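Enquirer: Structure for the following, please:
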Amino acid sequence: MYLYSAPVPSAKTAKAILDPYYVNGYNRLGSEVRMPISTIDEVIWRAKRFRHEEARRESEDYLELVIYQDSLLEFRQLLEDYFGPAFEGDDPGLKALQHAGKYGGIGKDQVLYYTEKEQQPSLAMIWPWSDGRRATLKIIQSGDDV
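Expert: The predicted model follows:
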């Protein structure tokens, strides 16, 4: 491991580093601009930086977190930025269900996000807990061997 000395970041730069949705700039209306998310790796990287109770499992293409229900809005916005709208009560299609099935499936009160980019299927699932305070979040880059 190489150690090096880096300059201390300004408050604005520090905010950009710590806040996964902050971009060092504003649009014409004065609202903060969010950077688009182009890879599942970036989704996983950003999700790990949100407040959560524990990381149960983590690898290059899989992340499982126990998240707090009061942080659910932040996680859902992140997932929608990459996957698009969630399948809730809608028919996600056979292919999405087959991929979800390899990781525990999806139930009535659960949320499924699914997309295929560059022929690589990716999905995210949110499973609310019965305690009403927590949920399990899984973000997966799935192989095509269903």
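Enquirer: need the strands for this structure, in chain order.
Expert: According to DSSP state E, the chain carries its strands in the segments 54-59, 62-68, 111-117, 120-128, 134-141.
Enquirer: What angle do strand 62-68 and the first one make with each other?
Expert: In other words, strand 54-59. Angle, strand 54-59 to strand 62-68, by axes from the mean of the first three to the mean of the last three Cα atoms, to 10 degrees: 170 degrees.
Enquirer: Which neighbouring elements make contact with strand 54-59?
Expert: Packing contacts for strand 54-59, counted by 3 or more Cβ pairs under 8 Å, 6 or more residues apart in numbering; DSSP states H and E, involve strand 62-68. For the C-beta atoms, the positions are set from N, CA and C on the backbone; glycine is no exception.
Enquirer: what comes up buried for the strand it packs on?
Expert: Within strand 62-68, the residues scored as buried using 16 or more other Cβ atoms under 10 Å are 63-65, 67.
Enquirer: Give me the contacts around it.
Expert: Residues external to strand 62-68 that are found in contact with it (Cβ atoms under 8 Å, 6 or more residues apart in numbering): 44, 47-48, 50-58, 75, 126, 133-141.
Enquirer: picking up where we left off before, okay if I get the strands of the chain as a markdown table plus distance to residue 83?
Expert: Listed next are the strands of the chain as a markdown table, based on distance: least, Cβ to Cβ, whole Å:
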| stretch | distance to residue 83 |
| --- | --- |
| strand 54-59 | 19 |
| strand 62-68 | 14 |
| strand 111-117 | 4 |
| strand 120-128 | 6 |
| strand 134-141 | 9 |
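Enquirer: Quick one: those strands as JSON lines, columns for mean pLDDT and distance to residue 98 too.
Expert: Listed next are these as JSON lines, based on pLDDT from 0 to 100; distance: least, Cβ to Cβ, whole Å:
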{"stretch": "strand 54-59", "mean pLDDT": "92", "distance to residue 98": "21"}
{"stretch": "strand 62-68", "mean pLDDT": "95", "distance to residue 98": "17"}
{"stretch": "strand 111-117", "mean pLDDT": "88", "distance to residue 98": "10"}
{"stretch": "strand 120-128", "mean pLDDT": "90", "distance to residue 98": "9"}
{"stretch": "strand 134-141", "mean pLDDT": "94", "distance to residue 98": "13"}
